[in-house]
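[1] Whatever this is, show me its structure:
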Amino acid sequence: MSDEISKIVIGCLKTSFSSTDPPEVTGTKFSSFCPSEETWESYSSRFANFCKARCIRDHQVSLVYLTIQTKEIYTMIKVVASQLSTPKEPDSLSFHEIGEIMKENFDAKNFIIRER
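    Residues are numbered from 1 along each chain as shown. Sure thing, here's the model as predicted:
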C-alpha cells in the first residue's frame, strides 16, 4: 500500500474512532473554484470526492470549501448569504446552501431565441 493511501486509511480510522479530533487533511491540496476553467457541476463533484477520500465529516465540508476559495468567491458567497430571507454568515451555511448560491451564480443558463 502506498504512503498516500496509508495516510488516508489511517486518517479515516482516526475519524471513525475519535469524534472530537478533526480529520487529517494533509498531502493533496484542492484548488479553488475558477469559473473560467471548470463548470460548477464538475467542480462540486470533484470536491465531494475529495471530501470523501479525506474522510471529512459532513458538518465540516462547508468550512473546508470556504477555506480553499479565493477572496472573490468568498466575498460573493458572503454578500449573497447576507441577502437571504434570514441573513447568515458564510460559516453557518451548509454545503447544500453554498451549492445553491454557486449554482445560481455560475451554472450555465439556457438562452432560447425563437424565430417568429
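[2] need the helix or strand of the chain with the lowest average pLDDT.
    Ranking every helix and strand in the chain by mean pLDDT, DSSP states H and E puts helix 3-17 at the bottom, with a mean of 52.
[3] before we move on, what SS does residue 113 have?
    Classification of residue 113 using DSSP: H, G, I helix; E, B strand; the rest coil returns coil.
[4] State the number of residues packed around it.
    Using other C-beta atoms under 10 Å, residue 113 has 4 neighbouring residues. Any C-beta I mention is one placed from the backbone N, CA and C, and that applies to glycine too.
[5] Give me the residue ranges of this protein where confidence is low.
    Along the chain, the model assigns pLDDT under 70 to residues 1-28, 108-111, 116.
[6] 80 instead, please
    1-28, 108-116 (pLDDT under 80).
[7] For it, just list every one of the strands.
    Shown for the chain, no strands are assigned by DSSP state E.
[8] in it, which residue is closest to the centre?
    Nearest to the centroid of the C-alpha atoms of the chain, with distances taken as C-alpha atoms, centre = their mean, sits residue 65, at 3.6 Å.
[9] quick one, what contacts that residue?
    Residues in contact with residue 65 (C-beta atoms under 8 Å, 6 or more residues apart in numbering) are 47, 95, 98.
[10] List the contacts of the nearest residue to the last one once chain neighbours are set aside.
    Read it as residue 98. Counting by C-beta to C-beta, 6 or more residues apart in numbering, residue 98 lies nearest to residue 62, which is 5.6 Å off, once chain neighbours are set aside. Shown in contact with residue 62 (C-beta under 8 Å, 6+ apart): 91, 93, 94, 95, 97, 98.
[11] just curious, which of those residues is nearest to residue 38?
    Among the contacts of residue 62, residue 98 lies closest to residue 38 (C-beta to C-beta), at 16.3 Å.
[12] Does residue 93 touch residue 78 like I think?
    No. In this structure residue 93 lies outside contact range of residue 78 using C-beta atoms under 8 Å: 9.6 Å.
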